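Trainee: 3D model of this:
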Amino acid sequence: MKKLATLVLACLVLFGATQLARADDSLTIAAGAGYKKLVTALGKAFTAETGIETQQIYGNMGQVTAQAQNSGVVDTVIGDKRYLDGSDLPFSTEYVIGKGKLVLAVAKGVSLPAVFDLKVLDAESAPKVLTDPAVTRIAHPDAKKAIYGRAATQFLANTGLAEQLEPKLIEVGTVPQVSAYVVNGEVDLGFINLTDGYAIQDRAARIIPVDEALYEPITIVAKTLNGCPSPDIAKRFGEFLQTDTARAIATKHGL
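Mentor: Numbers count the residues shown, from 1 in each chain. Below is the predicted model of the structure:
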């Protein structure tokens, strides 16, 4: 038991969730790090409407599902439906929030004429952009544990560029880490989601949508954990997600 408690504490520190001492009348949400701004906005709106406080935990989906499995404090998990359906977590209810979109972020200062007027990165434009000699480093999130890391690698495989670009690719943990690399100019290009793209659009040269036919559809859902600490509040949060207020927030954040 002592070993388990130590493991849980280590996870809380790792995920920046050291203040998770929860009250009976609160809701704890675990979500993909790429949706931090969205979930924060939804949490604030839910609190304003109900008076119920929320606490949030973020990481890549591998970290999030481990936290939900081991901590015993999580009520609702937000992330990609396909990933969560493939996990071992016992869910009781599902609420659809919206459709996730992959985008390419271009760092400021990169001399890349091919992206000036580019509307979408597709199979025709991708070779011109990604193999340009001016591009030496391309970041994407964890291909196995992060939704948009998987989507990015599917896109590269479907365009036939994965092997050719291997020397340029840098894999990091989460979408926000990729965004930070782009903003700081540590990479030339980065695959992120549209939600984070909106957040950094003033600090990047371009945010370019990626052809949705070249990666598997991403449906972002909120799932209630079976046996969670606050099932009634989790149900109220799920119902809130179906309101016009919540849908407007999701749209504003790229879903």
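
Trainee: Please look at residue 215 and residue 149 and confirm they touch.
Mentor: No: assessed by CB atoms under 8 Å, residue 215 is found out of contact with residue 149, at 11.0 Å. In short, each C-beta sits where N, CA and C put it, glycine included.

Trainee: Among the two, which residue is more densely surrounded?
Mentor: Remark: of residue 215 and residue 149, residue 149 carries more neighbours, 25 against 22, as counted by other CB atoms under 10 Å.

Trainee: With adjacent residues omitted, what lies nearest to the more buried one?
Mentor: Leaving aside its sequence neighbours, residue 149 sits nearest to residue 141 (CB to CB, 6 or more residues apart in numbering; 3.5 Å).

Trainee: what about that neighbour, neighbour count?
Mentor: Neighbour count of residue 141, defined by other CB under 10 Å: 32.

Trainee: what pairs with it across the strands?
Mentor: residue 172 (DSSP bridges).

Trainee: which residues does the residue nearest the centre of the chain contact?
Mentor: Nearest residue to the geometric centre of the chain (CA atoms, centre = their mean): residue 34, 2.9 Å. Residues near residue 34 by CB atoms under 8 Å, 6 or more residues apart in numbering: 141, 146, 147, 148, 174, 175, 176, 192, 193, 195, 196.

Trainee: Over to it. Which of the three states is it?
Mentor: Here residue 34 takes the helix state, with states given by DSSP: H, G, I helix; E, B strand; the rest coil.

Trainee: ok, it to residue 46 distance?
Mentor: For residue 34, the distance to residue 46 equals 20 Å [CB to CB, to the nearest Å].

Trainee: Kindly report the same for residue 202.
Mentor: Taking CB to CB as the measure, residue 202 falls 28 Å from residue 46.

Trainee: and those two? which has more neighbours close in?
Mentor: Counted by other CB under 10 Å, residue 202 and residue 46 do not tie: residue 46 has more neighbours, with 24 against 7.
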